[in-house]
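**Student:** Would you be able to build a 3D model of this:
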Amino acid sequence: MRVEWIITDIDGCLSPEESEPWDLDLFGDLARLCRAAANGDGPIPPMTLCTGRPQPYVEVLAKLLDVRLPIIAENGAVLYSLRDNWSRFGPGVTPEKIHGLRMIREYLDDVLLPRFPGALYQFGKEAMLSVYAEQPGVFQEMERAIHDLVARQGLPEPVINATSYYLNISMSGVNKGTTLKALMAEAGVSRARAAGIGDTMGDLPLREAVGFFACPANAQEALKAVADYVSPKPDVAGLLDILSLPQLRRT
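**Tutor:** Sure, this is the predicted structure:
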């Protein structure tokens with residue numbers, strides 16, 4: 001069955017996880033593919049982004065790649081559309097959950113971040129929280145402390161997961177998969193006609209929402225185990241390799 005949508009994570013797929021310059025030649029190849037797809041030309045169907053990054057970050061990438069489908073930001077908590085410059089919360093976001101995250105943010109600022117000098121809060125997010133650390137071994141202790149706070153204060157239980165360098169704190173019931181399923185239902189795109197690309201266990205809900213799922217070589221082993229295809233190449237080189245698969249070709 002022909003794929004109508006391709007949905008990819010950003011960090012570790014479209015770009016390196018590390019804070020380093022992107023490969024402009026490979027990114028240019030990707031941009032040309034995406035721009036052609038947005039105009040109904042070229043070999044692949046339209047592609048969109050599904051990430052933990054905040055809305056301003058994905059807006060820039062949407063303009064570079066000409067992504068016209070809705071983009072999922074903040075792990076499903078925020079949606080952005082380049083066509084009308086419109087942002088909105090994803091399904092499942094409630095005032096109570098927003099309040100709970102704000103309480104956790106205060107705890108991070110006042111207690112946890114001073115305790116771990118190498119950890120930094122990632123600015124710019126509205127409905128999830130992310131902490132960056134070069135030494136992610138601190139995340140386990142931070143996660144325990146956050147769960148203790150939630151229990152003491154009676155806050156909505158968050159979902160906490162770690163990537164290579166980030167500790168992401170999201171709302172329960174709000175993830176990449178739930179929001180993608182809602183978008184696909186609105187657009188009339190079935191699971192069998194959607195393909196996803198991810199690299200960490202935070203992308204597992206994406207895997208569960210699409211009919212075909214692939215990973216670059218740098219993906220976490222547990223996610224590779226549930227993928228339909230694992231590229232031998234990392235990051236954007238892996239993404240381009242995945243986009244060359246017959247399953248994802250329109251022509």
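**Student:** pLDDT weak spots in the stretch 51-200 of the chain?
**Tutor:** Within the stretch 51-200 of the chain, no range satisfies pLDDT under 70.
**Student:** Helices along that one, start to end?
**Tutor:** Ranges of helices in the stretch 51-200 of the chain, per DSSP state H, counting those that start in this stretch, are 55-65, 95-107, 113-115, 139-153, 176-187.
**Student:** looking at those helices, which is closest to Pro232?
**Tutor:** Nearest to Pro232, of all the helices of the stretch 51-200 of the chain, is helix 55-65, at 24.1 Å by Cβ to Cβ. From N, CA and C alone the C-beta is placed, and that goes for glycine too.
**Student:** and the helices of the stretch 51-200 of the chain, which is most packed in?
**Tutor:** helix 176-187 (a mean of 20; mean count of other Cβ atoms under 10 Å).
**Student:** Looks to me like Cys34 is in a helix.
**Tutor:** Yes: counting by DSSP: H, G, I helix; E, B strand; the rest coil, Cys34 is found in a helix.
**Student:** Look up the closest residue to it, ignoring the ones flanking it.
**Tutor:** Leaving out its chain neighbours, the residue that sits closest to Cys34 by Cβ to Cβ, 6 or more residues apart in numbering is Leu65, at 4.1 Å.
**Student:** so that neighbour touches Arg32, yeah?
**Tutor:** No: the pair Leu65 / Arg32 is not scored as a contact, 9.6 Å apart, by Cβ atoms under 8 Å.
**Student:** Asp241 versus Glu20, what's the distance?
**Tutor:** 20 Å (Cβ to Cβ, to the nearest Å).
**Student:** More neighbours: which of those two?
**Tutor:** The neighbour count for Glu20 versus Asp241, taken as other Cβ atoms under 10 Å, is higher for Asp241 (17 against 8).
**Student:** Isn't that one up against Tyr229?
**Tutor:** No: when contacts are counted by Cβ under 8 Å, Asp241 is not listed as touching Tyr229 (9.1 Å).
**Student:** From Ala194, how far off is the residue nearest in space to the middle of the chain?
**Tutor:** The residue lying closest to the centre of the chain (Cα atoms, centre = their mean) is Thr51, at 1.9 Å. Computed as Cβ to Cβ, the Thr51 to Ala194 distance reads 16 Å.
**Student:** Please apply the same query to Asp235.
**Tutor:** 22 Å.
**Student:** How about Leu149?
**Tutor:** For Leu149, the distance to Ala194 - Cβ to Cβ - is 37 Å.
**Student:** Can you give me the distance of the residue nearest to Cys34 to Leu30?
**Tutor:** Relative to Leu30, and taking Cβ to Cβ, Leu65 is found at 7 Å.
**Student:** How about Gly12?
**Tutor:** For Gly12 relative to Leu30 (Cβ to Cβ), the value is 14 Å.
**Student:** So for those two, which residue has more residues nearby?
**Tutor:** Applying other Cβ under 10 Å to Gly12 and Leu30 shows that Gly12 carries more neighbours, namely 28 against 21.
**Student:** Now do the contacts for the nearest residue to the more buried one once chain neighbours are set aside.
**Tutor:** If the residues on either side of it in the chain are set aside, Gly12 comes closest to Asp199, at 3.6 Å by Cβ to Cβ, 6+ apart. Asp199 makes contact with Asp9, Asp11, Gly12, Cys13, Glu17, Cys215, Pro216, Asn218, Ala219, Gln220, Leu223, according to Cβ atoms under 8 Å, 6 or more residues apart in numbering.
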